[in-house]
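1. Provided below are the primary sequence and the corresponding predicted coordinates.
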Amino acid sequence: MSPRPPLTRAETPGAEPGPAVRAAAVLAGRSARAEAAAVQYDRIEVPGEPGDSAAPRLALRAPPQPERVREHAARLGVAEPAVQILFGRGITALDEQERFLRPRIADLRPPSGMAGFEAAIDLLRTAWRERWRIGVFGDYDVDGVTTTTILTTYLEALGVEVVARVATREGGYGFSRAEAELLREAGVRMVLTGDCGTSDHDALGWLAGHGIPTIVIDHHQVPEQMPPAAALLNPHQLGCAFPFKGLCSAGVAFYLCASLRSALAREVSTPLPDPRQWLDLVALGTVCDMVPLVAENRILVRHGLQVVGQRRRPGVRALLEYAGVGADEAIDEGHLGFRLGPRLNAPGRLGPAEPSLRLLRASSVAEARAMAERVEGFNSHRREHQDEIVREAMALLAADPRTEFRHGIVIGHQRWLHGIVGIAAAGIVARYRRPALVLAFDPERGEARGSVRTHGEVDVLAALRACAPLLRRFGGHRAAAGLSMALADVPALVEGFDAAVGLQLGGRLPGDVAVLHDGALEFSALDETMLASLEGLGPYGVGFAPPRYLCESAVVERVRVLKQRHLGLLLRQGGLVFEAIAFSQAEQHPGLAPGERVACLYLPARSSWRGRVRIQLQVESMWRL
């Protein structure tokens, strides 16, 4: 990652009853970084409940090992708190810590054991030699759009003519027969699918019947019947010997492009495009698809962040500009997950994902900025819908006395857009601290479609699997998943999902589960060296949780409500004062005033505003002492 500017501390302050209505009745209860960061960050903004600030149950993530930590810190050349983070996440061997701190592209394991790779490369070599026109179709989310962009632009760099298409919400998830027919009409002789295709037997079979081979690049769970594709690249398929199963589709696409380059290099003497130049898109797809940021994914994202920071791709540069990211601001996984990803997802959540695809495929700055403006408009509309869904969902849940006793929450309404419910689910998780499944009802079709997000260590895909008899279709991973089902079965899903999550929790309510933290950290330990060491452990995310430190006691010096949702604070401990931001917690701490003593769980981070960079405490939860 690019060098970061020095830090400063804060200064001392001066309808008719039908299935949808019946389902809603069940769901609602049958009884009826700096202030600028708060403005710009695309975080879930959820209302809290007044006074909802009780101290959580806490547990240390790992017992302290001061001597080993001190020894490893000296040998690795990093601060001790960073080494304690590694120990707390099970990375204890010195050589393993060394590799983790300094991931190399050379450490990526070759895809020789990945099932379908040889057939895919042979097909692509034939297409390249014979100058076939190739169709590429991707899903409408960030992974699908980045996968499509990687495949199309790399093939174009090799001189291949492509036809690029992405899904629409109206058309539904996956590769449909209608899309297959459109690609055939466009004259393609081969089709690649990105982030979809594994379950799309009808479209793939139709193409095969018309002599058009297909390569499926995907990472979703493989059904019992293999798809009728010439090659399936999916680490989850039976017989795939590639050791890491956590790649998203953008990661698989990177491997395919790199392997194709190696194969073609044996046939030509001219320079070929370097797939590493596409790592910015790989990082975007990987972070935003919430796959584990370990092993190969960690390497790909770590190096991909460097490429994002170079701002060479016009679409990425324009996206950064519209997201308010400064030209000299160092890029980390938070920028991708909270600021770029939601914008790229917005068009596909409301309709066709084509604007996002055109943005990333833009070859000029002017074209990229025009498409970024369109995408930003979609993002504004997405925010409006999201806020409305979250407000209505919170009201429904608050009116149901059983909500607080649920292990897993299911909520839905016929007014909600199914493209937005995933973000709303994340908002409910943030408020209720338990997995949440949010559904959009379609009474005309008698269907409900939705998304689920996890909390803690709950595997939501496993929970859906336990409810499979109630579902028409579902898929995803342990942290996030999607589904469709008959509307009439929603009441049964409310109870079934709750029971499945409860089984994973051993019957404990989410509030009974201790919140893990990385130990008490005094403000006196916060400096440039310590923060740089923590940043050096990134990227953080699924599979590698960011630091969570305990502040045992601090005095509130100043408190401000930002955007009616967030709290901007100055916290003093001893003679040191730091700025702090508590996202979406204003209603949880009514009447909080200067002079009060609080404790909190927090993450130290950099805050950049108008060229001024300082340490800021990102407060996850806070309670009065």
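-> Everything's here; your move. Numbers count the residues shown, from 1 in each chain.
2. show me what contacts Ala258?
-> Counting by C-beta atoms under 8 Å, 6 or more residues apart in numbering, Ala258 touches Pro275. Placement of C-beta: from N, CA and C, glycine included.
3. mind checking how far Leu101 is from Ala93?
-> With distances taken as C-beta to C-beta, to the nearest Å, Leu101 is found 13 Å from Ala93.
4. So which elements touch whichever strand or helix holds Ala283?
-> Using DSSP states H and E, Ala283 sits in helix 279-288. Helix 279-288 sits against helix 142-157, helix 249-265, helix 295-310, helix 341-350, with contacts defined as 3 or more C-beta pairs under 8 Å, 6 or more residues apart in numbering; DSSP states H and E.
5. looking at those, which is buried most?
-> Among these, ranked by average contacts under mean count of other C-beta atoms under 10 Å, first place goes to helix 142-157 (a mean of 28).
6. For that one, give the mean pLDDT please.
-> Helix 142-157 carries an average pLDDT of 98.
7. just the angle between that helix and helix 279-288, please?
-> Angle of helix 142-157 versus helix 279-288, following axes from the mean of the first three to the mean of the last three C-alpha atoms, to 10 degrees, is 160 degrees.
8. And the next helix or strand past helix 142-157?
-> Downstream of helix 142-157, the next assigned helix or strand under DSSP H and E is strand 161-166.
9. and that following strand, which residues are buried?
-> Within strand 161-166, the residues scored as buried using 16 or more other C-beta atoms under 10 Å are 162-166.
10. hmm, back to that, between the helices and strands packed on helix 279-288, which one is nearest to Glu224?
-> Proximity to Glu224, assessed across the helices and strands packed on helix 279-288 by C-beta to C-beta, is greatest for helix 249-265 (21.2 Å).
11. tell me the contacts of Thr92?
-> Listed by C-beta under 8 Å, 6+ apart, the contact partners of Thr92 are 68, 86.
12. Would you mark the buried spots in the longest helix that the chain contains?
-> When the chain is parsed with DSSP state H, its longest helix is helix 365-398. By neighbour count with 16+ other C-beta under 10 Å, helix 365-398 contains the buried residues 367-369, 371-372, 374-376, 378-379, 381-383, 385-387, 389-390, 392-394, 396-397.
13. now stretch 310-324
-> Buried-residue list, stretch 310-324, by 16+ other C-beta under 10 Å: 311, 313-323.
14. Mean confidence (pLDDT) on stretch 355-373, please.
-> 97.
15. For the closest residue to Leu284 other than its chain neighbours, give me its contacts.
-> Once flanking residues are discounted, Leu284 sits nearest to Thr146: 5.1 Å by C-beta to C-beta, 6 or more residues apart in numbering. Applying C-beta under 8 Å, 6+ apart, we find Thr146 in contact with 250, 281-282, 284-285, 344, 360.
16. please redo it, this time with the cut-off set to 6 Å
-> 250, 281, 284-285 (C-beta atoms under 6 Å, 6 or more residues apart in numbering).
17. re earlier: alpha carbons of the helix holding Ala283, in PDB - could you do that?
-> Written as PDB, here are the backbone C-alpha positions of helix 279-288 (Å, rounded to 0.1, in the frame of the first residue of the first chain):
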ATOM      1  CA  LEU A 279      -5.800  -6.800  -9.700                       C
ATOM      2  CA  ASP A 280      -7.700  -3.600  -8.800                       C
ATOM      3  CA  LEU A 281     -10.800  -5.300 -10.200                       C
ATOM      4  CA  VAL A 282     -10.000  -8.500  -8.400                       C
ATOM      5  CA  ALA A 283      -9.700  -6.700  -5.100                       C
ATOM      6  CA  LEU A 284     -13.000  -4.900  -5.600                       C
ATOM      7  CA  GLY A 285     -14.800  -8.200  -6.400                       C
ATOM      8  CA  THR A 286     -13.200 -10.000  -3.500                       C
ATOM      9  CA  VAL A 287     -13.800  -7.500  -0.800                       C
ATOM     10  CA  CYS A 288     -17.300  -6.600  -1.900                       C
END
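18. and which of the contacts of Thr146 is nearest Pro539?
-> Leu284 (11.9 Å).
19. residues near the closest one, how many?
-> A count of nearby residues for Leu284, using other C-beta atoms under 10 Å, gives 30.
20. Likewise for Glu528?
-> 14.
21. Also the one 5 residues further on?
-> Summarising burial for Ser533: neighbours were counted as other C-beta under 10 Å, giving 20.
22. Would you check the distance separating stretch 135-153 from the middle of the chain?
-> Relative to its chain's centre, stretch 135-153 lies at 17 Å (C-alpha atoms, centre = their mean, to the nearest Å).
23. which stretches of the stretch 201-350 of the chain have low pLDDT?
-> Nowhere does the stretch 201-350 of the chain drop to pLDDT under 70.
24. excluding its backbone neighbours, what's nearest Gly496?
-> Nearest one to Gly496, counting by C-beta to C-beta, 6+ apart, is Cys467 at 4.4 Å.
25. With Val162 instead?
-> Thr152 (4.6 Å).
26. wait, isn't the one you found in contact with Val163?
-> No: counting by C-beta atoms under 6 Å, Thr152 stays clear of Val163, with 8.5 Å between them.
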